[in-house]
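K.L.:
from the sequence below, what's the structure:
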Amino acid sequence: MDNKNSELKNRGKIITMLFTAFGQGGESERMAMYVKKLQDVPVDVLDKACDKAIMESKYLPSIAELIQAAKELVAHANGTDVVPFAEAWKEIEKQMHDVFVYGVPKFSRPEIKQTVDAFGWQELCEMRTQDIPIIRAQLKAMYEGICKKNAERAMNGYVLGAAVLIEDGRNARLMLNE
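P.N.:
Now for the predicted structure:
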């Protein structure tokens, strides 16, 4: 048995265990859809995402929930998960104190840098003390919006893969490279 068939068999076993854990083991067509739509998730990550779902969910998770769990596990393992705004704010405050307007701040996450760049580094450093609560709230909204947009872009890139937009006059279509 070649490697691809072995991997497909392993995926099938993982999904079968997931469905069985939620009392839905006889739904072969639905299980086949899960296997197909989760084929780009590495088998070991899929296994852990299913384990997480079994431990945290009361109901069978959707494909979207399994993909989200897989992304969260990988981001956590790589140390690239999005930090809560409270942590981002502490980092911004530290850079304002250490670097101020005279230097170039360095941030641990691109989302923090994008938020600061969108607001303006000089404007942040020169804000009045009484404006801090308002500016903090504005930055929080910006940060959360940037995090959401980056997640959407990542998902769109994943779904489209190597798709190319072809335009000819008023018509546009996607050409998928599968």
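K.L.:
what's near enough to touch residue 88?
P.N.:
109, 111, 112, 115, 143 (C-beta atoms under 8 Å, 6 or more residues apart in numbering). C-beta: built from backbone N, CA, C; applies to glycine.
K.L.:
no, scratch that, I was asking about residue 33
P.N.:
residue 63.
K.L.:
which secondary structure element contains it?
P.N.:
Per DSSP states H and E, residue 33 falls inside helix 28-37.
K.L.:
what packs against the helix ranked longest in the chain?
P.N.:
Longest helix of the chain, by residue count under DSSP state H: helix 132-160. Helices and strands touching helix 132-160, as assessed by 3 or more C-beta pairs under 8 Å, 6 or more residues apart in numbering; DSSP states H and E, comprise helix 85-98, helix 110-119.
K.L.:
so for residue 42, which of those helices sits nearest?
P.N.:
helix 110-119 (23.7 Å; C-beta to C-beta).
K.L.:
so for the closest one, mean pLDDT?
P.N.:
The average pLDDT within helix 110-119 is 97.
K.L.:
check the residue nearest the centre of the chain and give its pLDDT.
P.N.:
For the chain, the residue nearest the mean C-alpha position is residue 151 (4.7 Å; C-alpha atoms, centre = their mean). pLDDT recorded at residue 151 is 86.
K.L.:
residue 26 too?
P.N.:
For residue 26, the predicted pLDDT is 83.
K.L.:
sec struct for it, please.
P.N.:
coil (DSSP: H, G, I helix; E, B strand; the rest coil).
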